[in-house]
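J.: coordinates only, sequence not included:
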């Protein structure tokens, strides 16, 4: 099974960039069994053409305000889908494929550390549904608008490299000639770091930069530990970190350990050309033993959005479902009109 996730930032705008190809043809080129899109933007009425694709069946949830949010899951017609459930309108759609429950998520963005209750409650909504779902075969895919590791955010990665370099440099200059015992030297260095943080705390938690550039953090940090604490202040990051601590697996990091692997870039600053971004698009699996991960990739070669797709190919040993297959209902205008009439 091969799955794709992509924050498309407006499906109608994206289609205009396909150089004459149809959306169905683009889906075929992505060579996936299931394609999960976020931020499709629109309503069921003005996106009706995406419910009549030749090779894919479409399941979607739309925001109550047309043109905002929205997620859609496209499934090959030769596949299987027995369930489609709206967990959170315009944000989270759950579908079931044989024994696998697939959550297509577009989680809210929040720039401040102390995230408002109404935003973080949408993360809790996903948690509540997951608690009721005891299946081992669960995937969470989509734009989670969070990172759990500093290497997945270029601002923090750059700051970490600076602090790491300064620590090594000061260590070489100040201690190497005086203390030959490495263990003793490290203890002294760590003690000095703690003293620096404590002394600095008397004048406030951080030292703010006067005129920080948009491509740097607005704060000076004095140790990696202080940087990490600041990084983890965001509630969304804590939420994602807790998901992993509870057993979910970041499939991309299972296969790729390299830094500078991003999925989203600031378009205003044109950061994609210099690869200064964040990795906020994920495919998580609940139980590593339930799937054999063949390949997990970031498709930086696909343009048309401020994000790029992420893909996962897995092998799963499961019997074919005996449940009803929603894909047997043809994707056509007549079926759409009937559904609208009687819903």
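T.: Cool, got the structure. As the structure is a prediction and not an experimental result, all values here were calculated from the model.
J.: tell me how far the residue nearest the centre of the chain lies from residue 86.
T.: For the chain, the residue nearest the mean C-alpha position is residue 281 (2.3 Å; Cα atoms, centre = their mean). With distances taken as Cβ to Cβ, to the nearest Å, residue 281 is found 21 Å from residue 86. In short, each C-beta sits where N, CA and C put it, glycine included.
J.: next one: residue 277
T.: Distance, residue 277 to residue 86, by Cβ to Cβ: 30 Å.
J.: which of the two has more residues huddled nearby?
T.: residue 277 (23 against 15; other Cβ atoms under 10 Å).
J.: show me the contacts for the more buried one.
T.: Applying Cβ atoms under 8 Å, 6 or more residues apart in numbering, one finds that residue 277 lies in contact with 154, 262-266, 271.
J.: look up the closest residue to the residue nearest to the centre of the chain, ignoring the ones flanking it.
T.: Nearest residue to residue 281 in three dimensions, chain neighbours excluded: residue 263, at 4.0 Å (Cβ to Cβ, 6 or more residues apart in numbering).
J.: what do you get for residue 303?
T.: For residue 303, ignoring the flanking residues on the chain, the nearest one in space by Cβ to Cβ, 6+ apart is residue 17 at 7.5 Å.
J.: what does residue 151 give?
T.: Nearest to residue 151 is residue 259, by Cβ to Cβ, 6+ apart, at 4.9 Å.
J.: what's the distance between the spatially closest residue to residue 256 that is not a sequence neighbour and residue 218?
T.: In space, and not counting its chain neighbours, residue 256 is closest to residue 296: 6.7 Å by Cβ to Cβ, 6+ apart. Distance of residue 296 to residue 218, computed by Cβ to Cβ: 33 Å.
J.: run the chain-centre distance for stretch 254-262.
T.: 14 Å (Cα atoms, centre = their mean, to the nearest Å).
J.: before we move on, what about stretch 36-44?
T.: Its chain's C-alpha centre and that of stretch 36-44 lie 16 Å apart, by Cα atoms, centre = their mean.
J.: again, but for stretch 156-163
T.: Relative to its chain's centre, stretch 156-163 lies at 22 Å (Cα atoms, centre = their mean).
J.: for that stretch, buried residues please.
T.: 156-157, 159-160, 163 (16 or more other Cβ atoms under 10 Å).
J.: for the residues you listed, give me CSV that also has secondary structure and pLDDT.
T.: CSV is the format used below for the buried residues of stretch 156-163 (DSSP: H, G, I helix; E, B strand; the rest coil; pLDDT from 0 to 100):
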residue, secondary structure, pLDDT
156, helix, 93
157, helix, 93
159, helix, 90
160, helix, 90
163, helix, 85
